[in-house]
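# the following comprises the amino acid sequence and a computationally predicted model.
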Amino acid sequence: MEGYIDAYTLFSKGELCFAQKRYNETIDLLREAYNLIGEDGLKKIGNLFKGTSEKYIKQHEFYAMMCKSYYCLEKYENALEYGNKWRNDIFNHYGHESILLVDCYKYLALIHAKLKLPEKEFAKEREGDQTWAQIFDTMRTDIRVYPLSLLNIQIPMEYYMKAYNLLKSKNGVEHEEVKNLKQEIVEYQSGCWLTMQVERTLWLAIFLIPVMGVIIPIVTGFTWKALGLFLLGISFFMVWRIINAIIIVTITYRHYQKAI
């Protein structure tokens, strides 16, 4: 029993550090508590202290604090590991419809948004020497259909929608927390599409600006007129991309405001 008391004390100190945003200390204290009692002890400790304290250790809270601490420290792989344990523990003890899953799903969405796992898998496949033709083909494909960017959005959106639908089913669509989560999802999607537009503009600039820099002098000669046309072309290009980005982001924002 002594080990459980010590673990409980360490857990309580970890909670305090977490509340004070001292995330490294939180992780150290929770690890120390875990080392005292192990996985089996973590499952039992909540029941041992349930009747003696208003706030006692629950296994999913342990995983939640570890997940959130790692996320705040930008250690997203570790955060994902504990996020999955957090979710699975709620499944096992409270079921797949528990309101406790809302916060868990939100963090899993945030973690996946940072990790961009589809993009990392693509990068692994492309490791090693590439020919210029392969590099060009990758750029051309990315410019045309945003395949990686769309895949990067997919998993976070799945978790966001799980959280939203669960929260809406429990509290109703007019609840303040439901509205706030909806707004978070809309802003996430809009931000992602804005980022995609910026990335696409950069890729297009890499191709189009050098082409203009070559073609215009060939057609008009190396004159001040050529320089003026070149600068005018860049200006038109930037105005076009800005207008395009505004239209895409506005449509995305309005779509998700209505669709969710």
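That came in fine, so what should we check first? Source: prediction; values computed, not measured. Numbering: from 1, shown residues only.
# which stretches of the stretch 1-150 of the chain form helices?
Using DSSP state H, counting those that start in this stretch, the helices of the stretch 1-150 of the chain run over 2-19, 23-49, 59-72, 76-94, 101-115, 117-125, 132-145, 147-171.
# can you say which of the ones you listed is nearest to residue 232?
Nearest to residue 232, of all the helices of the stretch 1-150 of the chain, is helix 132-145, at 23.1 Å by Cβ to Cβ. Heads up, the C-betas are built off the backbone N, CA and C, glycines and all.
# how many neighbouring residues does the closest residue to residue 169 other than its chain neighbours have?
Spatial nearest neighbour of residue 169, chain neighbours left out: residue 97 (7.9 Å); criterion: Cβ to Cβ, 6 or more residues apart in numbering. If you count neighbours by other Cβ atoms under 10 Å, residue 97 ends up with 9.
# could you measure from residue 97 over to residue 176?
According to Cβ to Cβ, to the nearest Å, residue 97 stands 21 Å off from residue 176.
# and for residue 16?
Residue 16 is 28 Å from residue 176, by Cβ to Cβ.
# neighbour count winner among the two?
Remark: of residue 16 and residue 176, residue 16 carries more neighbours, 12 against 8, as counted by other Cβ under 10 Å.
# how much space separates the closest residue to residue 108 other than its chain neighbours from residue 83?
Counting by Cβ to Cβ, 6+ apart, the nearest residue to residue 108 once its immediate chain neighbours are dropped is residue 159, at 4.5 Å. Counting by Cβ to Cβ, the gap between residue 159 and residue 83 amounts to 9 Å.
# overlap in contacts, the two.
residue 108 (Cβ atoms under 8 Å, 6 or more residues apart in numbering).
# number of residues surrounding the nearest residue to residue 23 once chain neighbours are set aside?
Leaving aside its chain neighbours, residue 23 sits nearest to residue 69 (4.1 Å; criterion: Cβ to Cβ, 6+ apart). By other Cβ under 10 Å, the residues close to residue 69 number 25.
# pLDDT score for residue 69?
Note for residue 69: predicted pLDDT of 97.
# got the contact list for it?
Counting by Cβ under 8 Å, 6+ apart, residue 69 has contacts 18, 23, 24, 26, 27, 30.
# what's the distance between it and residue 117?
Remark: distance between residue 69 and residue 117 (Cβ to Cβ) = 21 Å.
# isn't the residue nearest to residue 169 right up against residue 166?
Yes. Using Cβ atoms under 8 Å, residue 97 is in contact with residue 166, at 6.9 Å.
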